[in-house]
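[1] sequence and predicted structure, then a few things I'm wondering about:
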Amino acid sequence: MSDEEKVSYRIKADIPSCEGYANCVVAAPEYFDLDDDSGLVVVLQENVSPDQKAHVENAVRSCPVAALRLDTIRE
Amino acid sequence: MNITIIGTSVAGTKAAQALRAQGYDGEITIFGSETGPIYDKPALSKEFLRGEIEVDGNLLLDDDEVRELGLDLRQGRRAVCLDTDSRTVTFADGGTWRYGTLIIATGARSRTPLWEPRRGMHELRTLTDAQGLRRSLESGDDVVIIGAGFIGSEVAASLATRGARPYLVDPLPLPMQRGLDDHTGTWYRDRHEAEGVRLCLNAGVDAIRGTDDDLEVMLSDGRVLPTSTVVLGLGAQPNVEWLASSGLTIDDGVVTDEYCRAIGVEGVYAIGDVARVYSPNTGRAVRSEHWTNAVDQAGFIARHITGTDPAGGPFTSVPYVWSDQFDWKMQIVGDVAGPQRYVVGSPTEHRRGAVIHPDPDGGFGRSIIVNWPRALIMSRKAAAVGTPARELVEALEKML
């Protein structure tokens, strides 16, 4: 039996905090979009593999109102 | 290799976060001149001024994150001298520090006004400034805001939203004239007027008279505005004085090459409001005082220092600025704006609008967007891939 942990990451968006600046969409368009009507963030895929972590963190960090988080999931 | 960051600005803090995200696990030391919470600035003229949030809802870094990221944070340490030969920074308290790699992120401060400072005259750049202004507003007096740039206009909107009727003074005929075209400037002039802001445009300030808290602002058109509270929105200047003897090239900021590296020295980067970064595309070095620019440069140098940039090219970024006034969200993408422009919609008639400027070749130049998320996304995409302006305009017209 292996002790190895499988680590993956999950995007958490705090929609009420979102102000629709779209920095996340520019940084990582595969993961984020804005809703046409509300102008608020839409997470296109919430699961992030380890090789995409730095890329998505870059998008999370670019949010001017800190509405995004990348959580570590250990299974 | 020790990486030393001077400045707890958005550029400095994001650089530390980005270095860790890119896998750098060596020492990171951050020096900040201020003490207390490490806060973000955009909200100071808006949510914080209106009393809707406090500083703990406006942090760039908190204690938990400093611990988690393993950052060596030293506050209350103002850098006063840099010696690039010995790789040493000297601080106002006399202490010195040797760096391996240096990241200069000392930002900008309010431009020094021509008028002698008196109590009741407020700049709005730091948390202390914002707290002082908030206290001053409690008197309920009419506030005089000098300078109708973005900060001045945001303060006017914030006060009018709270039911006040501030004066907004500027020598130019429209608010935010240096950043907007006259069409969008007119949208904002009319909105400010409708909300009760008393615009004093085409009017300079000849003098500020009076004593502490009992001031008179003398306008060039002869009007005299008595007030206890003056807000100075006169723009910013880069914090470069501490670098005077460093040998770095200083010319309206720290001049860098296209990789944000200070010219002529090893191991020194400059990012954010203090940096004037060369762009191979335009052949010019540009200093940009915008939040997103600082974050982009912080991410870029983190990838550059760690060698994790897949493309490996120079720093490129499309300028992006926003300003929230009343319930209008303005977003500006790009900065190439000739006299030609396309107007699509209007925030008063269509609840959303955009003004698009082509570049000299008909490509994307600049979009000024009000309350229109899809136009924002499409403009940022158009800027990235070089969509012709006319094509963007046609697509937006169909959506109106």
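    Nice, thanks for sending it over. Computed from a prediction, not measured in an experiment: that's the story for all the values here. Numbering: from 1, shown residues only, chains lettered A, B, ... in the order given.
[2] now the helices: where do they sit in the chain?
    As the question left the chain open, I've gone with chain A. Counting by DSSP state H, the segments of chain A that form helices are A:23-27, A:53-61.
[3] try chain B instead
    When secondary structure is read from DSSP H, chain B shows helices at B:10-21, B:63-68, B:127-137, B:150-161, B:182-194, B:291-306, B:373-385, B:389-399.
[4] who's in contact with the residue of chain A found nearest chain B?
    Of all residues in chain A, residue A:39 sits closest to chain B, at 3.6 Å by Cβ to the nearest Cβ. Placement of C-beta: from N, CA and C, glycine included. Taking Cβ atoms under 8 Å, 6 or more residues apart in numbering or on different chains as the criterion, residue A:39 is in contact with A:20, B:329, B:371, B:373.
[5] give me the nearest residue to residue B:297, chain neighbours excluded.
    What sits nearest to residue B:297 in space, not counting adjacent residues and going by Cβ to Cβ, 6 or more residues apart in numbering or on different chains, is residue B:271, at 3.9 Å.
[6] so the one you found sits against residue B:104, correct?
    Yes - here residue B:271 lies in contact with residue B:104, judged by Cβ atoms under 8 Å, at a distance of 7.4 Å.
[7] tell me the pLDDT at residue B:386?
    According to the model's per-residue confidence, residue B:386 sits at a pLDDT of 88.
[8] so how far is residue B:281 from it?
    Using Cβ to Cβ, to the nearest Å, one gets 11 Å for the distance from residue B:386 to residue B:281.
[9] now the strands for the stretch 101-250 of chain B?
    If DSSP state E, counting those that start in this stretch is used as the criterion, the strands of the stretch 101-250 of chain B fall at B:101-104, B:108-110, B:121-123, B:143-146, B:167-169, B:198-200, B:205-211, B:214-219, B:224-227, B:229-232, B:236-238.
[10] residue numbers of chain A in contact with chain B?
    A:19-23, A:25-26, A:33-36, A:38-39, A:53-54, A:57-58, A:61-62, A:64 (Cβ under 8 Å from any Cβ of the partner chain).
[11] drop anything exposed from the residues you listed.
    Buried members of the residues of chain A next to chain B, counted by 16 or more other Cβ atoms under 10 Å in any protein chain shown: A:19-23, A:25-26, A:33-34, A:39, A:53-54, A:57-58, A:61-62, A:64.
[12] check contacts around residue B:40.
    A:64, B:10, B:58-60.
[13] most neighbours among those, which one is it?
    The most crowded member of these, judged by other Cβ atoms under 10 Å in any protein chain shown, is residue B:10 (27 neighbours).
[14] so that residue makes contact with residue B:272?
    Yes - because the distance of 6.7 Å satisfies Cβ under 8 Å, residue B:10 is recorded as touching residue B:272.
[15] where do the contact lists of these two overlap?
    Contact with both residue B:10 and residue B:272 is made by residues B:294, B:298, according to Cβ under 8 Å, 6+ apart.
[16] count of residues packed around the nearest residue to residue B:191 once chain neighbours are set aside?
    Leaving out its chain neighbours, the residue that sits closest to residue B:191 by Cβ to Cβ, 6+ apart is residue B:326, at 6.2 Å. Residue B:326 has 17 neighbours, counted by other Cβ under 10 Å.
[17] report pLDDT for residue B:326.
    The per-residue pLDDT reported for residue B:326 equals 97.
[18] okay, now the unreliable bits of chain A?
    Counting by pLDDT under 70, chain A has low-confidence residues at A:1-4.
[19] excluding its backbone neighbours, what's nearest the spatially most central residue of it?
    Relative to the mean C-alpha position of chain A, the nearest C-alpha, by Cα atoms, centre = their mean, is the one of residue A:11, at 3.8 Å. Nearest in space to residue A:11, with sequence neighbours left out and distances taken as Cβ to Cβ, 6+ apart, is residue A:46 at 4.7 Å.
[20] enumerate every residue touching that neighbour.
    Neighbour list for residue A:46: A:10-12 [criterion: Cβ under 8 Å, 6+ apart].
[21] mind checking which of these are in strands?
    Of the positions in the contacts of residue A:46, A:10-12 sit in strands, assigned by DSSP state E.
[22] tabulate the residues you listed in a markdown table, adding columns for distance to residue B:221.
    Conversion of the ones in strands among the contacts of residue A:46 to a markdown table gives the following (distance: Cβ to Cβ, whole Å):
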| residue | distance to residue B:221 |
| --- | --- |
| A:10 | 59 |
| A:11 | 54 |
| A:12 | 54 |
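[23] what's the offset of stretch B:340-356 from the middle of its chain?
    Between the centre of stretch B:340-356 and the centre of its chain there are 25 Å (Cα atoms, centre = their mean, to the nearest Å).
[24] tabulate the CA atom coordinates of it in PDB.
    As requested, C-alpha coordinates have been extracted for stretch B:340-356 and formatted as PDB (Å, rounded to 0.1, in the frame of the first residue of the first chain):
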ATOM      1  CA  GLN B 340     -10.500  58.800 -34.500                       C
ATOM      2  CA  ARG B 341     -13.000  56.900 -32.400                       C
ATOM      3  CA  TYR B 342     -16.100  54.800 -32.500                       C
ATOM      4  CA  VAL B 343     -18.900  55.400 -29.900                       C
ATOM      5  CA  VAL B 344     -21.100  52.400 -29.100                       C
ATOM      6  CA  GLY B 345     -24.000  52.900 -26.700                       C
ATOM      7  CA  SER B 346     -24.100  55.200 -23.700                       C
ATOM      8  CA  PRO B 347     -24.400  54.500 -20.000                       C
ATOM      9  CA  THR B 348     -27.400  56.800 -19.700                       C
ATOM     10  CA  GLU B 349     -29.400  55.700 -22.700                       C
ATOM     11  CA  HIS B 350     -28.300  52.000 -23.000                       C
ATOM     12  CA  ARG B 351     -27.100  51.500 -19.500                       C
ATOM     13  CA  ARG B 352     -23.700  50.600 -21.000                       C
ATOM     14  CA  GLY B 353     -21.300  52.200 -23.500                       C
ATOM     15  CA  ALA B 354     -17.900  52.100 -25.000                       C
ATOM     16  CA  VAL B 355     -15.600  54.300 -27.000                       C
ATOM     17  CA  ILE B 356     -13.100  52.500 -29.100                       C
END
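[25] do it and chain A meet at all?
    No - among the residues of stretch B:340-356, none lie within reach of chain A under Cβ under 8 Å from any Cβ; the closest is 9.7 Å away.
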